[in-house]
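Asks: output the structure for:
(2 chains)
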There are 2 protein chains.
Amino acid sequence: MLMKTPAQSLTEQLAVRFADRIRSRLLPPGARLPSVRQCAEQHGVSPSTVVAAYDQLLAQGLVDARKNRGFFVRELATPRAAEGPRSSVAGRAAAAGASPINATALIRGMFHKVSNKPQPGMGVFPPDWLEATFMPAAVRKVTGTRALHDFSLQYGEPLGDSGLRRVLSQKLATLNIHAEADHIITTVGATHALDIVSRTLLRAGDPVMVEEPGWAVEFARLAALGMRILPVPRRADGPDLEVMAKYCELHQPKLYVSVSVFHNPTGYCLSPGSAHRLLQLANRHNFHIVEDDTYSHLAPAHATRLSALDGLRRTIYVSGFAKILAPNWRIGYLAAPPGLVEPLLDTKLLSTLTTPALLERALALCIEQGQLRRHAERIRTRLDAARARSVKLALAAGCTFAAEPVGLFGWVDTGVDTDAMAQRMLDEGYLIAPGALFHAARVPSTLMRINFATTQDAAFWRVFARVRAGG
Amino acid sequence: MLMKTPAQSLTEQLAVRFADRIRSRLLPPGARLPSVRQCAEQHGVSPSTVVAAYDQLLAQGLVDARKNRGFFVRELATPRAAEGPRSSVAGRAAAAGASPINATALIRGMFHKVSNKPQPGMGVFPPDWLEATFMPAAVRKVTGTRALHDFSLQYGEPLGDSGLRRVLSQKLATLNIHAEADHIITTVGATHALDIVSRTLLRAGDPVMVEEPGWAVEFARLAALGMRILPVPRRADGPDLEVMAKYCELHQPKLYVSVSVFHNPTGYCLSPGSAHRLLQLANRHNFHIVEDDTYSHLAPAHATRLSALDGLRRTIYVSGFAKILAPNWRIGYLAAPPGLVEPLLDTKLLSTLTTPALLERALALCIEQGQLRRHAERIRTRLDAARARSVKLALAAGCTFAAEPVGLFGWVDTGVDTDAMAQRMLDEGYLIAPGALFHAARVPSTLMRINFATTQDAAFWRVFARVRAGG
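Replies: Below is the predicted model of the structure:
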């Protein structure tokens, strides 16, 4: 509820709140603002205050009024002939369909500080979970004057810091993935690794298979690169192989993008049998698989990875450290079949030249000394406890789980449209991740993804239950 | 000349030397090895030793023998039906034409330690030029325990560290480029900034104007993205506007990529008149310009920038710090018209999410305290002296300058084919940058780009003169 202050009238406060949300795309282009009556009720103000606030948004060019239909968020870059080249950008966005805008709305949301409350829609652990004394120690060691110069004053190794790649090669061996250090390429986070793989193996217009539900950023990137997205339903034990086989016959896709372990958003893990049949299909139809193992550090021992079964022949393994150590260090990597290392490295060089060795070497130290492994163990224990509490609270709030609750994320059925819920919850200071965002083509959904680390407090679920009940 | 050692026969040494060069692409796919006789003379070994070495390369699959024509470096990923998806990569490379492979050969060369000698083909200052005590101090300050966590444990600001962006905004103002901090986006080096701009403004198949001669990595990236490259001859005062006007009428290109100040490889600086007419053309034909100001820190005061004249309306300004401070920190940035910030930021998020704030904040400190400015002054003074010496030596070696020697690079006419020279100079432990690499379609050239910081020693020019004379 809004409170009148000497500095800002209720109208201004309301206008600023909507303007912020539009600019950060939490209210995406094309979205409809609540009706004047709804909005007045919701914020405890008079209808005339709402009308005045909407008028301000109109004057700022942030919304359009459509006769008898209400107010709608304006498209960001409306094609206007007089405006020149900008129109081509808008044209592109339109051509690529609505999904990129919706997906980037989620990403923006991830970075937009909604409030100081724990955020159920976030994709990472809260910062206080990641605090550790070994990290500053490793960085101090690598930033001694001499070492700092060594790691700064030349472009560095194209494949990435050799110290880190050696350690990663050993780490992968413990997962039964055998990659020499020279077949590993470090990247600016796993995101960059996935980007490098798609740019190397695909050209604009190529068909590519993705999991649905799946990670919205991957859909958005592939769409922005002009790829044709073929969504494959993800089941509890793996992808729907019948759908894949049909796609292969009709479209001959060259790549399948997949999270085998703790799939986002469902938490599903690939079964060994499903992995085997999937690799057979890939052999028969001659496509590559990029295996995104972002949640590797949370994974149970002996989880099935395609890269291990396949021996990195037609799989490319991708992982990173944003989920366990330091999201902002942006360190990811890929391990590739020997024949693909050169073309993938070319794409890395063309996109960023090299990557910062200083942080890579500090990470290598953290892994080498066993500190990261122990840190991950502590976080898994803490996550298990948080998950148990979150599950209890979610069930008590009348939600059900669409998938067995494991890993970092819960895939929760709320029974109501979560797109609408997301807007109402924002007013309460909570960012939630509606199910629609995990689909290649945005469809209404009653599902939402929760982060178990940030949903273990009863306060959130009380607000959630109240809002869902329309209160 | 090779020397027999107990550990390695002459045959093995010769085979290893060629294998290294093929793997690092200093000998690109399709290149012809020297004839047996030539090679024997050049390395002071018997023809049978050369034959044995070439046989080893053949057995390793690195070269092909063509009847009566000699030995040729094998294409890296020869399409072989049985091999499966790899063939699609080779197909792409072939479809994109020869230029990406040649350009990446240069980049690989930049990273391949040829010898301990100063390398005339390098694009950066030698590491000892860049050493500075203020850099470790700034890093230490930013990596204190508390600060390290603040800069590590969350994804960070999408646009980049706000401290750095504020400082950059002030720095740009001194160049008469007025960009608010919120219209600046930090990137993984200037390379990433250029990549973000082309991915945001262009789609595969779009025509794009580039300067010729120009920076090979830019050609290679645009080709890899599937763009149609329209090379515009670069004159001493600016681009050939007649050629540009013709391209505009025939192809309606959406973007022109340009280095205004200390153009690479010629060192040319855009004249104010040429800048004005170029912007008029851009207005008339409705294209964007990305201005790559990579050599900004070496530039003379009052150098003309398009972004200053245009007021960042249809220009996007790009720069970075690899040439002056820390190549491996990979910090670059772009300043964009307000209407383009959002789509450019989306592309950044899709390609790397965020960028490492720890290094960005350390850089901000170095700029804020005036240390970078003084460091740049010292380097400019040192470069002036090195340039004077290099120019004298080049002229004494019988070379002429195809462009007035200014900035970091000299554009030198050697009078002989520099592609062939490059291979011979490698045998002597020197990497040179042949003129052919700076053209969109590789053509034989007698020009080469030299780095004034690494060509001030008489030793290089003596070897150069001897090799050119065929000795």
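
Asks: does residue A:213 touch residue A:435 like I think?
Replies: Yes - Residue A:213 lies in contact with residue A:435 (C-beta atoms under 8 Å); the separation is 7.0 Å. Placement of C-beta: from N, CA and C, glycine included.

Asks: shared neighbours, those two?
Replies: Contact criterion C-beta atoms under 8 Å, 6 or more residues apart in numbering or on different chains; residues shared by residue A:213 and residue A:435: A:265, A:447.

Asks: let me know the pLDDT of whatever residue of chain A ends up closest to chain B.
Replies: In chain A, the residue that lies nearest chain B is residue A:204 (3.3 Å; C-beta to the nearest C-beta). We note a pLDDT of 92 for residue A:204 in this prediction.

Asks: surely it is within a helix?
Replies: No - using DSSP: H, G, I helix; E, B strand; the rest coil, the secondary structure at residue A:204 is coil, not a helix.

Asks: where do the strands of the stretch 51-200 of chain A begin and end?
Replies: A:63-66, A:70-73, A:184-188 (DSSP state E, counting those that start in this stretch).

Asks: is the longest one in proximity to chain B?
Replies: Yes - for strand A:184-188 and chain B, the contact criterion (C-beta under 8 Å from any C-beta of the partner chain) is met by residue A:188.

Asks: one step back: could you dump the strands of the stretch 51-200 of chain A to JSON lines with mean pLDDT?
Replies: Shown next, in JSON lines, are the strands of the stretch 51-200 of chain A (pLDDT from 0 to 100):
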{"stretch": "strand A:63-66", "mean pLDDT": "88"}
{"stretch": "strand A:70-73", "mean pLDDT": "88"}
{"stretch": "strand A:184-188", "mean pLDDT": "98"}
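
Asks: what is the burial count for residue A:387?
Replies: 22 (other C-beta atoms under 10 Å in any protein chain shown).

Asks: give me the nearest residue to it, chain neighbours excluded.
Replies: residue A:452 (4.1 Å; C-beta to C-beta, 6 or more residues apart in numbering or on different chains).

Asks: same question, residue A:329
Replies: residue A:359 (4.8 Å).

Asks: equivalent analysis for residue A:269, please.
Replies: With C-beta to C-beta, 6+ apart, the residue lying closest to residue A:269 is residue A:261, at 5.2 Å.

Asks: so that neighbour is in which element?
Replies: If you go by DSSP states H and E, residue A:261 is not part of any helix or strand.

Asks: okay, now it: neighbour count?
Replies: Neighbours of residue A:261 (other C-beta under 10 Å): 23.

Asks: tell me the pLDDT at it?
Replies: 97.

Asks: quick one, what contacts it?
Replies: Counted by C-beta under 8 Å, 6+ apart, residue A:261 has contacts A:269-270, A:293, A:295-296, A:299, A:303-305.

Asks: surely residue A:397 is in contact with residue A:464?
Replies: Yes - judged on C-beta under 8 Å, residue A:397 makes contact with residue A:464 at a distance of 5.9 Å.

Asks: coming back round to it: pretty sure the residue nearest to residue A:387 sits against residue A:385.
Replies: No - applying C-beta under 8 Å as the test, residue A:452 and residue A:385 come out as separate, 9.5 Å apart.

Asks: between the two, which is the more surrounded one?
Replies: residue A:452 (25 against 11).

Asks: any idea what residue A:185 is bridged to?
Replies: residue A:334 (DSSP bridges).

Asks: can you get me a residue count around it?
Replies: For residue A:185, using other C-beta under 10 Å, the count is 27.

Asks: quick one: it from residue A:311, how far?
Replies: Residue A:185 sits 18 Å away from residue A:311, taking C-beta to C-beta, to the nearest Å as the criterion.

Asks: show me the contacts for residue A:292.
Replies: So residue A:292 contacts A:190, A:194, A:215, A:218, A:257-259, A:318-319 (C-beta under 8 Å, 6+ apart).

Asks: swap that for residue A:136, sorry
Replies: Here residue A:136 is in contact with B:143-145, B:148-149 (C-beta under 8 Å, 6+ apart).

Asks: just the residues you listed that are near chain A?
Replies: Within these, those near chain A by C-beta under 8 Å from any C-beta are B:143-145, B:148-149.

Asks: quick one: buried ones out of those?
Replies: Buried subset of those (neighbour count, 16 or more other C-beta atoms under 10 Å in any protein chain shown): B:143, B:148-149.

Asks: okay, now residue A:377: neighbour count?
Replies: 11.

Asks: quick one: what helix or strand has it in it?
Replies: Using DSSP H and E, residue A:377 sits within helix A:371-396.

Asks: what sits up against stretch A:413-430?
Replies: The contact list for stretch A:413-430, computed with C-beta under 8 Å, 6+ apart, reads A:21, A:26-27, A:34, A:42-43, A:114-117, A:119-121, A:398-402, A:431-436, A:444-448, A:460, A:463-464, A:467-468.
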